[in-house]
Every structure is written in C-alpha cells, then in structure tokens.
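Q: Let me see the structure of the following:
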Amino acid sequence: MPDAEVARPPGRGPTEGANDDVDVAIVGAGLTGLWTAWYLLQHDPGLRVAVIERETIGFGASGRNGGWCSALLPMSLDSIADRNGEAAAQRMMAAMHDTVREVGRFVDQHAAPELFHRGGTVSLARSAPQRQRLTEELDEFRRFGFGDDDYRWLDTDEAVQQVAATGVIGALRTPHCGVVHPLRLTHAVARAVIGAGADIRQHTSVLEIHPGRLVTDHGRIRADVIVRATEGYTAQLPGERRTFLPIYSMMIATEPLAEPVWAEIGLADRPTFADGRHTIIYGQRTADDRLAFGGRGAPYHFRSAIKPEFDTNDEIRRLLESSLRQLFPQIGDAAITHHWGGVLAAPRDWNCSVRFDRATGLASAGGYVGDGVSTTNLSGRTLAALITGEDPEGLTRLPWVGHRSRKWEPEPLRWIGVNVGREAARKADLVEQRTGKESAVWGGLIRRLLGH
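A: Residues are numbered from 1 along each chain as shown. So this is what the prediction gives:
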C-alpha cells in the first residue's frame, strides 16, 4: 500500500548447505507464519523457531492487501452453526472481535502507533438488492446475539455522513475493523519475531515437506513441528494443487487528495468501506490521504497458475478506476498513481481452518479468502496453543480447528466453474445497476456455485 517508502525487510538470506535442527520450522514469512512464531515464543522463549521464505518477508498477500484488519470471516455464522452449533459460531465471531483489538495492542507495544487506526467498516447499500443482502447479514448477526454495539444499520443520512458515495440508501456499520499499512505491519511483526529469538531465512525455497523434515534448495531442516503457512502459494507445493484456489485480487491508489476533497467524501475517521455488489470491492483512506481501492474479478488461470505478470491487469485497472470514479465523482481528475495485485487462497467450501497433527508434527493454517490480516493473528495464536499445549484463552476449542475442506475439482472443471462464477457476478451486478432489481438468473447461479 503506497503511503511512504517501506523500509528494507528484516531477516537474512539462506544458509548454504545448512542441515539444521530446530523445534519448529514454519514455511512462509507472511502474517500467518510470523504471528505463529511470535506467539510460540511468547509461550516458550526457549523454542528454536525458524521461518523459511522463498521470496522476502511479506511478499505475498500479507504485504499487498487492502489494509483491512477486520473481524470478517469468509464463512457465514449460519454455516459454522450448521456444523458446530450456535454457541461455537458465537465464540468464533467473538474471537474475531477480540483479534482486531489484539492486533491494535501489538502495534501499541511493538510498532509505530500510526500503523493501526480503528475506524470500523461501513458496507454501503446503493440499490434495493444490495440493501436486502446487507439487512440479511444484519439479521444473521442478530440471531447470534450481536447487538448495535457490534453491528448497526445506518439510515441514508447517517451513511452519507460517513461515506458520501453516490446512490447510498443505507449502510451496515461495525466498529470491529482497523486500517493498517499491510507491509509495514508485516515487517513490524517480523522485527518482533527476530527480537524474540526466531531465525527468518529469506530467498530459501522449500521443495518438500515431510514429517520431521523440510527439504530446501539450501539444505535440509529437521524439526519436531512443521507449520505450512503458504496461503495462496500452497498450490505450488507438491500434492497441494487442489487444496486452495489462488484467486487474484487487484488494487489501485490515487495521488494524495486535498482536504476540501475529503470534506466532500467523508471517511473522516478512516473507516474501511465496501458496498453490497456481488463482485467484491474494498477501500480505505490511507494515512497519507490517498484513496486505496481494490476488487475481485480478475481471471482464474488454468491449473492454478501463479506468475509475476498476473499481478497487474490493464482491464481490471480500468474497471477499478471506473468504479472508483463512479463511487466518488468528488475526486475529479485525480491521478491513479499505483496499481498492484496478488493471490489469495480460497478453500472449496470457503472455510478457513487451523490444523495440527501431533503424531506427525505437521500443522497448517489458511484459506482466508481475502480476510486474513486479523484472521492470521488468530490462527497464529491458535497454532501456538495447539503446539505448546498451553491454551488459557480456549482457542483450541474454536470451530475452525481441525476443519478439512474437500479438494477443488480437477481441471478443466475448476477453470470452467470459477470463471463462470466470475462472469455471473459481473452480469448480476450489471442487471441490478440497470434495473434496480436482483437478477434471478445470474444471482441464482451465484448462490448455487457458492452453495448458498
């Protein structure tokens, strides 16, 4: 996210020919891996922890995301309750609320205070179908016991006061979100992890994961516990191509906007914002007064391909710019100065999970579907509790622990289904924009594809 120049990441390069013994080896120096290392060392400062990273710290989604540290989960509370009961769903949501506060506490103690600002989230309704979907979300929160202090409906005037986008007719607001600079946060966690005694090795590729050992391009690492924290890049590991779907999400950012423009737009307390359309969008006002704005809709690439040239997309950039200017004509001819993107990980059932098999020593966490800035913190705390056996918060009893999603379909079914879903979302939004009504055809197809 472009506010100011980001310092060189901490950590070191590979150790050639190393054959090391450690207690815990973590594959991936994104937020999942780094939070796991941090909380492990809070439980037991004597642990030998190594974090292995193919690129650099925060190279993947952890360093490139939209900067929402939110209580959002990719799975619904109803779906959690269907499998685990209403009480489990309530505990999961309450844990996410606390996780937003926990990230804020970490920043207060270990990073620059301006790195985190808790301004909440405003989900805008800009059509009758969007209002219907958002009020259904609110009804779900109410069924699980969450009141106005957690989720509140804003009427048109209240919503426009917060976010003066075009066509607003209401909004769903929650205080459970903060804005961050994602790469700065990831580097702050990495510095704390190194200070606590962990070893972070960059530019080291993990070629194979086995119980008790990692094979890397610079030697072998023996470990009692191995944590896979590779999120969207999991598909590139042997045998994992169908575990997660790598979905590309793209972003743009404007030049810094003048204060009179912000007075027209709102976002005075820097809430994150979205609306109720099918093709997900997300945005925030950055610390240096830019509008950072992103969205899904980029194509899925055959056989889960991930390449550097996929990180930007001229068509998606134009669509994002058009959407942003439609939302906020107040920005006039403000320049779009940045465009970037990357992959996030989607499980087949849209359920993120945390797992640890004590018999093999293999652990993993992920599948956040773009809701990972805070969820990674909860997964790191949960993995640390599972691995050390110390669980004063009761995190190991949360319903995502041990969950297994079924594999994605083989190609070409995967490519066909995902891209049909992407096109259905686009067409459903166009129908709603044109008619003001939900598309029975395209909206119905989306629900069937998502299992709703």
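Q: could you pull out the helices for the stretch 101-250 of the chain?
A: Secondary structure of the stretch 101-250 of the chain (DSSP state H, counting those that start in this stretch): helices located at 128-143, 156-162, 182-195.
Q: wait, which of these is closest to residue 65?
A: helix 182-195 (4.8 Å; CB to CB). Backbone N, C-alpha and C define where each C-beta goes, glycine included.
Q: Settle this for me: residue 68 is touching residue 181, isn't it.
A: No. Using CB atoms under 8 Å, residue 68 is not in contact with residue 181; the gap is 11.8 Å.
Q: can you map out the strands along the stretch 201-350 of the chain?
A: 206-210, 213-216, 219-228, 245-254, 272-275, 281-285, 291-295, 336-346 (DSSP state E, counting those that start in this stretch).
Q: With the stretch 51-200 of the chain instead?
A: Going by DSSP E, counting those that start in this stretch, the stretch 51-200 of the chain shows strands at 68-70, 116-117, 121-125, 152-154, 170-174, 177-180, 199-201.
Q: and of those strands, who's closest to residue 274?
A: strand 121-125 (5.2 Å).
Q: Okay, residue 364 and residue 21: tell me how far apart.
A: 22 Å (CB to CB, to the nearest Å).
Q: More neighbours: which of the two?
A: It is residue 364, of residue 364 and residue 21, that has more neighbours when counted by other CB atoms under 10 Å, with 24 against 13.
Q: and the helix or strand containing the more buried one, what other elements does it pack with?
A: Per DSSP states H and E, residue 364 falls inside strand 362-366. If you count contacts as 3 or more CB pairs under 8 Å, 6 or more residues apart in numbering; DSSP states H and E, strand 362-366 packs onto helix 31-43, strand 219-228, strand 353-357, helix 372-388.
Q: Figure out which of these is closest to residue 293.
A: helix 372-388 (16.6 Å).
Q: Which strands or helices does that closest one pack on?
A: Against helix 372-388 (3+ CB pairs under 8 Å, 6+ apart) you get helix 31-43, helix 61-64, strand 68-70, helix 86-110, strand 219-228, strand 353-357, strand 362-366.
Q: Just give the strands next to the fifth one in its sheet, each with its orientation.
A: Yep, that's strand 219-228 we're talking about. According to DSSP bridges, strand 219-228 forms sheet pairs with strand 18-27 (parallel), strand 213-216 (antiparallel), strand 362-366 (parallel).
Q: mind putting those strands in TSV, mean pLDDT and distance to residue 347 included?
A: Listed next are the strands paired with strand 219-228 as TSV, based on pLDDT from 0 to 100; distance: least, CB to CB, whole Å:
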stretch	mean pLDDT	distance to residue 347
strand 18-27	88	18
strand 213-216	97	24
strand 362-366	98	8
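Q: Tell me which of those strands sits most buried.
A: The highest average neighbour count among the strands paired with strand 219-228, using mean count of other CB atoms under 10 Å, belongs to strand 362-366 at a mean of 24.
Q: hmm, who's touching that one?
A: 32, 36, 209, 211, 225-231, 234, 244, 345, 352-357, 372, 376, 379-380, 382-383, 386-387 (CB atoms under 8 Å, 6 or more residues apart in numbering).
Q: backbone phi and psi for residue 237, please?
A: The phi and psi values for residue 237, taken as degrees, to the nearest 10, are phi -90, psi 150.
Q: Nearest approach to residue 93 belongs to which of the strands of the stretch 201-350 of the chain?
A: strand 272-275 (17.9 Å).
Q: Remind me what the closest one packs against, helices and strands.
A: Secondary elements touching strand 272-275 (3+ CB pairs under 8 Å, 6+ apart): strand 121-125, strand 281-285.
Q: Leaving out sequence neighbours, find the closest residue to residue 243.
A: Take residue 243 and drop its neighbours on the chain: the residue closest to it by CB to CB, 6 or more residues apart in numbering is residue 234, 5.4 Å away.
Q: what residues are up against that neighbour?
A: So residue 234 contacts 228, 240, 243-244, 345, 366 (CB under 8 Å, 6+ apart).
Q: now swap in residue 104 and tell me
A: Contacts of residue 104 (CB under 8 Å, 6+ apart): 69, 116, 118, 178.
Q: low-confidence ranges in the stretch 351-452 of the chain?
A: 447-452 (pLDDT under 70).
Q: So what are the structural domains in this structure, by residue number?
A: Domain segmentation of the chain under automatic domain parsing yields 10-116+180-244+347-408, 409-452.
Q: quick one: residue 364 from residue 383, how far?
A: 9 Å.
Q: between the two, what contacts are shared?
A: Common neighbours of residue 364 and residue 383 (CB under 8 Å, 6+ apart) are 227, 354.
Q: burial count for the nearest residue to residue 167 once chain neighbours are set aside?
A: Distances taken as CB to CB, 6+ apart put residue 126 closest to residue 167, at 4.2 Å, once the chain neighbours are dropped. Number of residues near residue 126 (other CB under 10 Å) recorded here: 22.
Q: isn't residue 126 right up against residue 273?
A: No. Counting by CB under 8 Å, residue 273 is not a contact partner of residue 126; they are 11.2 Å apart.
Q: tell me, what's touching the two both at once?
A: Common neighbours of residue 126 and residue 273 (CB under 8 Å, 6+ apart) are residue 165.
Q: what's residue 193 in contact with, if anything?
A: 34, 37-38, 41, 49, 51, 200.
Q: Quick check: residue 92 touching residue 83?
A: No. With contact defined as CB under 8 Å, residue 92 does not reach residue 83; the gap is 11.1 Å.
Q: neighbour-wise, which of the two wins?
A: residue 92 (20 against 13).
Q: need the contact list for that one.
A: 73, 77, 80, 398-400.
Q: Same list, those, but as a markdown table with neighbour count and distance to residue 249 please.
A: Shown next, in a markdown table, are the contacts of residue 92 (neighbours: other CB atoms under 10 Å; distance: CB to CB, whole Å):
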| residue | neighbour count | distance to residue 249 |
| --- | --- | --- |
| 73 | 24 | 17 |
| 77 | 20 | 24 |
| 80 | 24 | 24 |
| 398 | 23 | 26 |
| 399 | 20 | 26 |
| 400 | 24 | 22 |
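Q: close enough to count as contact, residue 255 and residue 290?
A: Yes. Residue 255 is in contact with residue 290 according to CB under 8 Å; the separation is 6.8 Å.
Q: which residues are in contact with both of those two?
A: With CB under 8 Å, 6+ apart, residue 255 and residue 290 have common neighbours residue 337.
Q: For the two, indicate the residue with more neighbours.
A: residue 290 (22 against 16).
Q: quick one on the thing from earlier: and of the strands of the stretch 51-200 of the chain, who's closest to residue 424?
A: Residue 424 sits nearest to strand 121-125 of all the strands of the stretch 51-200 of the chain, at 21.0 Å, using CB to CB.
Q: Name the residues that touch the closest one?
A: 68, 70, 72, 130-131, 134, 137, 154, 159, 162-163, 165, 168-174, 176-177, 271-276.
Q: and if we set it to 6 Å?
A: 70, 131, 134, 162-163, 165, 168-174, 177, 271-276 (CB atoms under 6 Å, 6 or more residues apart in numbering).
Q: Can I get the buried part of those residues as one PyMOL selection?
A: If you want just the buried ones from those in PyMOL, going by 16 or more other CB atoms under 10 Å, the selection is:
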select buried, resi 70+131+134+162+163+165+168+170+171+172+173+174+177+271+272+273+274+275+276
